[in-house]
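Peer 1: sequence? don't have it. structure:
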């Protein structure tokens with residue numbers, strides 16, 4: 001516990017120090033972009049270390065979890081409950097984004113800053129059709145899926161592999177035990193990598209502030225404040241729903257999610273927080289076979305912060321160009337985003353790509369994305385942290401539904417038998 005608190009304190013210290021150093025560099029260096037580029041190397045190294053961990057960690061923990069279930073019906077039941085939660089949470093996130101952007105109307109203040117409607121945003125839109133999603137869902141090669149860190153594809157393969165291992169019975173016992181050993185090794189390796197987190201957080205924040213300066217926050221201050229307030233409201237709604245199921249234990253869950261949430265916020269990457277989120281959930285008492293199954297699914301289907309941002313940002317751009325969207329049009333937009341947002345996993349700058357595709361469908365100038373690019377990193381910090389909270393709550397609630405939520409334990413999971 002003390003070690004985790006110290007690491008959390010160091011991450012917060014790195015975040016604060018990064019803001020001050022970045023501001024100093026931006027104000028005093030002739031070429032602050034050189035400093036930002038140097039810091040980006042450190043951030044990139046840390047995120048690559050995280051990516052190095054994720055594929056074997058997801059595969060090993062998920063296979064062991066499913067193999068220990070031993071029942072295809074149980075896998076289907078747990079998956080069905082998880083997807084049910086994801087759909088409800090998605091609707092709440094998208095709807096709240098629409099409500100808040102219509103209340104605040106942040107786009108009305110941007111008329112004087114509009115880029116030309118034919119300007120190019122630089123965001124490459126992709127075909128987010130159902131056909132493309134299904135094609136992306138099933139890996140043509142698990143080696144290729146792991147090499148590209150396609151979490152959804154790894155999950156699909158691991159489900160088949162784990163189910164087959166359970167069906168084989170005793171003959172697979174040696175393989176499952178070996179993969180269980182890999183899971184423990186990956187948890188220990190996670191601990192080693194996370195020691196670099198405070199340095200990575202400092203590099204990420206100082207680099208962004210040095211490059212953009214705090215002035216960009218002043219220009220977009222009202223817009224960002226309104227979005228962050230909306231995110232806070234979403235947190236409160238999700239936590240309240242979690243409380244309905246977990247009661248007072250939701251406080252302990254939030255304590256376990258504190259460090260991965262800060263890490264996701266600081267690095268603007270919910271992926272960076274995946275290993276620690278999984279570890280925190282298991283300490284909270286979520287059985288390994290539930291946590292290792294539901295959490296990776298959540299990273300593909302339950303990006304609450306990103307979904308809220310999609311509706312908020314799309315209507316914001318329409319408001320900036322003076323385009324009034326009827327209630328029916330906004331509901332249609334929300335339903336489209338409900339589907340297209342499920343293809344966000346593994347797509348670079350996913351939220352912006354989804355927004356760009358949505359703008360085109362409703363004849364809203366794509367150039368409006370240029371209004372967001374300058375502060376997108378700071379917005380991404382909020383939505384990444386929200387994704388961690390949303391997926392942590394979802395996993396704990398599904399475990400509660402399944403009667404698989406044990407006692408809150410402390411200690412290093414790498415030296416313990418993973419709770420079955």
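Peer 2: Thanks, I have the structure now. Keep in mind that this is a model prediction, so the values were computed, not measured.

Peer 1: quick check: mean pLDDT across whatever helix or strand residue 385 lives in?
Peer 2: According to DSSP states H and E, residue 385 maps onto helix 376-401. Mean pLDDT, helix 376-401: 93.

Peer 1: do stretch 404-414 as well
Peer 2: 74.

Peer 1: kindly report the same for stretch 199-212.
Peer 2: The model assigns stretch 199-212 a mean pLDDT of 87.

Peer 1: ok now that stretch, how far from the chain's centre?
Peer 2: 20 Å (CA atoms, centre = their mean, to the nearest Å).

Peer 1: contacts for it?
Peer 2: By CB atoms under 8 Å, 6 or more residues apart in numbering, the residues outside stretch 199-212 that reach it are 11, 14-15, 17-19, 21-23, 25-26, 29, 32-33, 35-40, 42-43, 45-47, 263, 266-268, 374-375, 377-378. Quick note: C-beta positions are derived from backbone N, CA and C, even for glycine.

Peer 1: on that earlier part again, show me what the helix holding residue 385 is packed against.
Peer 2: helix 72-104, helix 197-212, helix 221-246, helix 249-267, helix 274-284, helix 288-301, helix 304-320, helix 350-361 (3 or more CB pairs under 8 Å, 6 or more residues apart in numbering; DSSP states H and E).

Peer 1: tell me the contacts of residue 244?
Peer 2: Counting by CB under 8 Å, 6+ apart, residue 244 has no contacts.

Peer 1: which among the contacts of stretch 199-212 count as buried?
Peer 2: In those, burial by neighbour count holds for 11, 14-15, 18-19, 21-22, 25-26, 32, 35-36, 39-40, 42-43, 46-47, 263, 266-268, 375, 377-378, counting by 16 or more other CB atoms under 10 Å.

Peer 1: out of the residues you listed, which are inside helices?
Peer 2: 11, 14-15, 18-19, 21-22, 25-26, 32, 35-36, 39-40, 42-43, 46-47, 263, 266-267, 377-378 (DSSP state H).

Peer 1: show me where pLDDT drops low in the protein?
Peer 2: Along the chain, the parts satisfying pLDDT under 70 run over 1-5, 70, 111-136, 216, 219, 340-350, 410-420.

Peer 1: please confirm that residue 409 is located within a helix.
Peer 2: No: assessed with DSSP: H, G, I helix; E, B strand; the rest coil, residue 409 is coil; it does not lie in a helix.

Peer 1: so what's it closest to, chain neighbours aside?
Peer 2: Closest residue to residue 409 apart from its sequence neighbours, by CB to CB, 6 or more residues apart in numbering: residue 283 at 5.7 Å.

Peer 1: what's the burial count for that neighbour?
Peer 2: When counting by other CB atoms under 10 Å, one arrives at 21 neighbours for residue 283.

Peer 1: return the distance of it relative to residue 37.
Peer 2: 38 Å (CB to CB, to the nearest Å).

Peer 1: residue 281 now?
Peer 2: Taken as CB to CB, the span from residue 281 to residue 37 is 36 Å.

Peer 1: just to revisit the earlier point, with distance to residue 179 added, can I get the helices and strands packed on helix 376-401 in a markdown table?
Peer 2: Supplementary listing: the helices and strands packed on helix 376-401 in a markdown table, determined by distance: least, CB to CB, whole Å:
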| stretch | distance to residue 179 |
| --- | --- |
| helix 72-104 | 17 |
| helix 197-212 | 27 |
| helix 221-246 | 30 |
| helix 249-267 | 24 |
| helix 274-284 | 15 |
| helix 288-301 | 11 |
| helix 304-320 | 31 |
| helix 350-361 | 30 |
